[in-house]
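Undergrad: Generate a structure from the sequence data that follows.
(chains A and B)
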There are 2 protein chains.
Amino acid sequence: MNKNVIEQIYDLSDNFSEKAETKLKELLKPYKKGAVGIAQLNPIVGDIEYNATNVVKYITHAQNIGIELVIFPELTLIGNPIGNITKRYPAIAQENFKWLEQISKLTTKTTAIVGFLEQDKESFYHSFAILSNGKIQKIIRKNKDYFEISVNEAKYLIASNIQKAEYSKYRSLAKENSCPLICVNQVGAIDNIVFDGASTVFNKNGEIFARAKEFEEQFLIVNIEKSLKKIYPSISAIQEECKHQNFSLDYEYDLERTYKTIVLGIKDYFWKTGFKRAVLGLSGGLDSTVCAVLLADALGAENVLGISMPSKITSNESKTDAEKLAHNLGINFTVMPIKEIVETTSCNFSNLFENIEKKWGNRYKQSFTNDNIQARSRAVILWGVSNEFGKCLTIATSDKSEAYMGYATINGDMSGGFAPIADVTKTKLFALARWLNKNREVKNAIPESVILKKPGAELAIDPKTGKPLIAEDALMPYEFLDEVIWRIENKNESYEQMLNSEFLYEKKNQISKEQKIEWLDKFYRRMATSLYKGSILPPFVVVDSNSLNKYNYKQPITSSRITYKSLSEEEILNKIQVNNNL
Amino acid sequence: MNKNVIEQIYDLSDNFSEKAETKLKELLKPYKKGAVGIAQLNPIVGDIEYNATNVVKYITHAQNIGIELVIFPELTLIGNPIGNITKRYPAIAQENFKWLEQISKLTTKTTAIVGFLEQDKESFYHSFAILSNGKIQKIIRKNKDYFEISVNEAKYLIASNIQKAEYSKYRSLAKENSCPLICVNQVGAIDNIVFDGASTVFNKNGEIFARAKEFEEQFLIVNIEKSLKKIYPSISAIQEECKHQNFSLDYEYDLERTYKTIVLGIKDYFWKTGFKRAVLGLSGGLDSTVCAVLLADALGAENVLGISMPSKITSNESKTDAEKLAHNLGINFTVMPIKEIVETTSCNFSNLFENIEKKWGNRYKQSFTNDNIQARSRAVILWGVSNEFGKCLTIATSDKSEAYMGYATINGDMSGGFAPIADVTKTKLFALARWLNKNREVKNAIPESVILKKPGAELAIDPKTGKPLIAEDALMPYEFLDEVIWRIENKNESYEQMLNSEFLYEKKNQISKEQKIEWLDKFYRRMATSLYKGSILPPFVVVDSNSLNKYNYKQPITSSRITYKSLSEEEILNKIQVNNNL
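TA: Residues are numbered from 1 along each chain as shown, chains lettered A, B, ... in the order given. Here you go, the predicted structure:
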């Protein structure tokens, strides 16, 4: 059965071969007048040559296939966001303008709207240039959220890089102005921020007329008058709609978005910084396992190396699980026992610590020091591999629940050049692991036993059980912990509000008020420490925008003494009197 | 000889003992009407109880000694800057208001102006409350840079936390309004930002009438009508005036400010995050040496532990220098050779690397891997000590020149919870070392040989000389490197501007244009790498505000491909054609 014309157009729109362009031009003939191409690009900040080359590629494509207008996102030529680059390197604005001028010469048949950085004396503006007939025809400063243009008698409102949550505002704008609104978005990650694409066209009634793909570059062609349109599915939009009002372990609605966000985040961080390969420790635990899957999907299995580094505490099951996983993923795998290194280091420590104890005292009787040597020796090995092999970066495998609790070893599992899952909570990671097993091409790559076993760092033996210490025993149940995080990030709840709400965990398990207070206190106490630890955690993919000190939310490290608890007037008065001997 | 009354007042103003207050009250009698106390406090962000206790202490003091008005800095009750704390924890504004209400009850004799965070529905304001007669009399939102108040018929303009550079603006404001302007500043560090104090009073002619101490809490008492005043010296102001127009190795004018900024930065980071002690590796090199001095002065010698961790490459001189330094400073010192740990690790590496090479190839023939094992083994030891002993933090000793060049080992010398000198260039560190030897109470604590030897990581032997590799041979002369950094941070110069300017190093040494190009290219190439390395460098004291990615200046890590070079129109056109096969 033949595909209809519109399907064929969308199949060919990203194919720049001569043959495809000829075919596409033919198909587009009836839509030629009023055809608009939306170039959803993935720019690199500061690499004007790379960005300009892409702009030229899409303009040439538009001209070859007979499109009237092609639109590029905000700051396409210089990349977005640019931080303070102009403060230190103002000349970069002149450079992107020089490129713009040369690009304008190529616009012989098609009008192009290109986002660039405009300089006017000491000031810099996010502006759009209208290029046509071989010249820069007009420059429009983006003073408000959108601007208006007319091309061959058709009028459009243009916006760029709009957040999903603001779509309703833009619907209204289109409707109020009775004019189609084209929102052209960039795609791809700049550091920890992933732009998900999904450029959208609203018709003059404010309805969604067309939408580009998510998490991919795309050349989306529309013709509003002639109904040339396609609405690609948006998992981010679905996720917005499905957002739970209460904490739930049902993460299903958000797992595809989480997966695609992290995979694109890894991919772009690597190639934009010049890295190609990743090395990580494979412990057989959930964190490193999920990291390995995501890395394999982002970088290609051949570019990932997992190293199993068993110590005397590592169980046989963990070793087997690591190997099975590597085999299932097809990543490189090797084993390097750390027993000898750990023993040599531990041995050396005892004398040293005795010396220091004589001076300082204050030595912890039961410390994690020796346990941590294992985690740190592993990091020494991973960074050694990163040094020895070209373009290879070490991966930190910390997850979000443990990052909040500071339950991670500095220079150990916290150490790396990039942290893929540091914004994913443990309960969500379990759901993600199951989702990966079900939805990836190779099914069940993650051994079931990894998902079934209780998380623990496998650095120490619990004296009570004689088995490796379980993280939940040292912290609190992950289900409870993750709900605290969820309430803080999504509801801005205070200590008292949490104490007085019923947690999901409480619905299933009988716990005393004292127990709940103990866990909440522990949470806040540990979160205070995590502020300092978080300051040395490597960059990570932001999955939830309100995550601690990474994107939307910044809190000073030295604010660790916030109590988060509310005091009564009497308590305050009493404290004032006592503290000041009044 | 008896001190005059004014000198006695200033000697006693910070003494809160009953005896001192009685004496001070007596001395202040003639100045009572119109006396204003400026409470230059060091708040802790989020610790309302601590901040409020200090406010009450100063109000009580003011009332005890008979001052009419006492003024506190912006956001005193909650601490400043607060980042986005209110976004996650809006209840904190209600909390600081509850404390404010209780504090107001104590203002029976003196009027107090207290900076706090005001909440009005969903919005938050930096506001000042006027407290007197046991009540909150008025709340003033800080909409512009200053506000006006009248107390007992006297009129004042009030400003807070003004940057030194803006003083001329405030002089004019006082003059234009023909009204004294009181600028009350906080002091102390919040994370990496050090507020230096120096609260200043301008008289109605715009002249500096009084100025508080720098880098210390102080209660500065003034009476503008009765000429009760004192102008404490401001090294920051001197430094602003002396700023060189050209790069110079004469750092003399800025060393006291640099020293005091870092010492206060360390001190406040430690106590505000709950740490007390520091452990660092003492290599006998300049970086760790200067760090040790600054730490000893900030935390007390007894709270600092220097560990000499010689490898087979470490020279005898380095070992002796480290020991001498520790002795001179009176810090704790111990030796722990790392030969055994390094050998065990290296040994284990050879097999591992052969395995990986079979899969990946791409192995560096001459790599730094084995050299770096030394640096990383040292960090394992330091973090072990940090784990084993209470409130003890590991120090990263990287300096600014090397941080810019990425010439530092991840999980090695770059690793720590805090980096005291990561914003001080190498040539400035040499000057600082000499300054410390001359100006500290204990003279010449730093062995002369530390200052005389050429810097190098002592991780590898230079095959050409048979001696440890010198950093300048691997990089470029520090004098040249530091001038590049200076020109970028202070002059925003481009590649071409630098190429066409004469460097200080060029005035003294004949170098070819090719050599200069080679160094500049190396600088920009290495700086691109340092963006990623810098993302895992711990927090440090900001000494120069335009430093890379730490305070005023932010640049995406993934912008590492900026060329910084300017292209001609022809070159751009040519690139467009070649890249797009046009």
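
Undergrad: Quick one: name the residues of the stretch 401-550 of chain A near chain B.
TA: A:410-411, A:415, A:417, A:488-489, A:492, A:494, A:531-532, A:535-536, A:538-539, A:546 (C-beta under 8 Å from any C-beta of the partner chain). Every residue, glycine included, has its C-beta placed from N, CA and C.

Undergrad: Closest one of these to residue B:522?
TA: residue A:417 (21.8 Å; C-beta to C-beta).

Undergrad: pretty sure the closest one is touching residue A:275, no?
TA: Yes - with contacts defined as C-beta atoms under 8 Å, residue A:417 counts as touching residue A:275 at a distance of 7.5 Å.

Undergrad: neighbour-wise, which of those two wins?
TA: residue A:417 (24 against 20; other C-beta atoms under 10 Å in any protein chain shown).

Undergrad: What segments of the stretch 101-250 of chain A are helices?
TA: A:167-177, A:235-242 (DSSP state H, counting those that start in this stretch).

Undergrad: Okay, buried residues for the last one please.
TA: It refers to helix A:235-242. By 16 or more other C-beta atoms under 10 Å in any protein chain shown, the buried positions in helix A:235-242 come out as A:235-237, A:239-240.

Undergrad: Now do the shared contacts for residue A:417 and residue A:275.
TA: residue A:393 (C-beta atoms under 8 Å, 6 or more residues apart in numbering or on different chains).

Undergrad: ok so, going back, tell me which of the helices of the stretch 101-250 of chain A approaches residue B:333 most closely.
TA: It's helix A:235-242; of the helices of the stretch 101-250 of chain A, that one is closest to residue B:333 (C-beta to C-beta) at 56.9 Å.

Undergrad: The closest one vs helix A:167-177, what angle?
TA: 100 degrees (axes from the mean of the first three to the mean of the last three C-alpha atoms, to 10 degrees).

Undergrad: Who are the packing partners of helix A:235-242?
TA: Helices and strands touching helix A:235-242, by 3 or more C-beta pairs under 8 Å, 6 or more residues apart in numbering or on different chains; DSSP states H and E, are helix A:252-273.

Undergrad: Go ahead and measure how far the helix it packs on is from the middle of the chain.
TA: 6 Å (C-alpha atoms, centre = their mean, to the nearest Å).

Undergrad: Walk me through which strands the next helix-or-strand element following it pairs with, and which way each runs.
TA: Per DSSP states H and E, helix A:252-273 leads on to strand A:277-281 as the next helix or strand towards the C-terminus. If you go by DSSP bridges, strand A:277-281 pairs up with strand A:304-308 (parallel), strand A:392-394 (parallel).

Undergrad: Run through who's touching strand A:277-281.
TA: Residues outside strand A:277-281 that contact it (C-beta under 8 Å, 6+ apart): A:266, A:270, A:288, A:291-292, A:295, A:299, A:303-309, A:378-379, A:381-382, A:385-386, A:389-395, A:397, A:413, A:416, A:418, B:360.

Undergrad: Could I get the average pLDDT for the helix or strand following it?
TA: The element immediately downstream of strand A:277-281 (helix or strand, assigned by DSSP H and E) is helix A:286-299. Averaging the model's pLDDT scores along helix A:286-299 yields 98.

Undergrad: likewise stretch A:537-547?
TA: Stretch A:537-547 comes out at a mean pLDDT of 87.

Undergrad: can you tell me the distance between the two ends of it?
TA: 13 Å (C-alpha to C-alpha, to the nearest Å).

Undergrad: May I see the buried residues of it?
TA: A:537-544, A:546-547.

Undergrad: so where is the stretch 151-300 of chain A shaky, pLDDT-wise?
TA: In the predicted model of the stretch 151-300 of chain A, no residue satisfies pLDDT under 70.

Undergrad: What residue in it comes nearest to chain B?
TA: residue A:272 (3.8 Å; C-beta to the nearest C-beta).

Undergrad: where's that residue relative to residue A:385, distance?
TA: Distance from residue A:272 to residue A:385, counting by C-beta to C-beta, to the nearest Å: 22 Å.

Undergrad: any chance of the helices of the stretch 101-250 of chain A in TSV, plus distance to residue A:191?
TA: Conversion of the helices of the stretch 101-250 of chain A to TSV gives the following (distance: least, C-beta to C-beta, whole Å):
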stretch	distance to residue A:191
helix A:167-177	25
helix A:235-242	19
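
Undergrad: Out of the strands paired with strand A:277-281, which is the most enclosed?
TA: strand A:304-308 (a mean of 26; mean count of other C-beta atoms under 10 Å in any protein chain shown).

Undergrad: and the helix or strand following it, C-alpha only, in CSV?
TA: Downstream of strand A:304-308, the first helix or strand assigned by DSSP H and E is helix A:316-329. Extracted in CSV, the C-alpha atoms of helix A:316-329 (Å, rounded to 0.1, in the frame of the first residue of the first chain):
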residue,chain,number,x,y,z
ASN,A,316,29.2,-14.0,44.2
GLU,A,317,25.8,-13.0,43.0
SER,A,318,27.0,-9.4,42.5
LYS,A,319,29.9,-10.6,40.4
THR,A,320,27.7,-12.8,38.2
ASP,A,321,25.1,-10.1,37.8
ALA,A,322,27.7,-7.6,36.6
GLU,A,323,29.0,-10.0,34.1
LYS,A,324,25.6,-11.1,32.9
LEU,A,325,24.5,-7.5,32.4
ALA,A,326,27.7,-6.6,30.4
HIS,A,327,27.1,-9.6,28.2
ASN,A,328,23.4,-8.7,27.6
LEU,A,329,24.3,-5.2,26.8
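
Undergrad: Listing partners with orientation, what would you give for the helix or strand that helix A:316-329 is followed by?
TA: Beyond helix A:316-329 on the C-terminal side, the first helix or strand identified by DSSP H and E is strand A:332-335. In the sheet, strand A:332-335 lines up against strand A:304-308 (parallel) (DSSP bridges).

Undergrad: for the strand it pairs with, the distance to its chain's centre please.
TA: 23 Å.

Undergrad: Test my guess that residue A:137 contacts residue A:130.
TA: Yes - in this structure residue A:137 lies within contact range of residue A:130 using C-beta under 8 Å: 4.7 Å.

Undergrad: More neighbours: which of these two?
TA: Remark: of residue A:137 and residue A:130, residue A:130 carries more neighbours, 20 against 13, as counted by other C-beta under 10 Å.

Undergrad: gap between the more buried one and residue A:186?
TA: For residue A:130, the distance to residue A:186 equals 19 Å [C-beta to C-beta].

Undergrad: before we move on, what about residue A:36?
TA: Separation of residue A:36 from residue A:186 (C-beta to C-beta) stands at 17 Å.

Undergrad: quick revisit: for the contacts of strand A:277-281, which PyMOL command selects only the ones that are buried?
TA: Here is the PyMOL command that picks out the buried ones among the contacts of strand A:277-281, judged by 16+ other C-beta under 10 Å:
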select buried, (chain A and resi 266+270+288+291+292+295+299+303+304+305+306+307+308+309+378+379+381+382+385+386+389+391+392+393+394+395+397+413+416+418) or (chain B and resi 360)
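
Undergrad: Sketch out the low-pLDDT regions of chain A for me.
TA: Applying pLDDT under 70 to chain A flags residues A:1-2, A:366, A:548-551.
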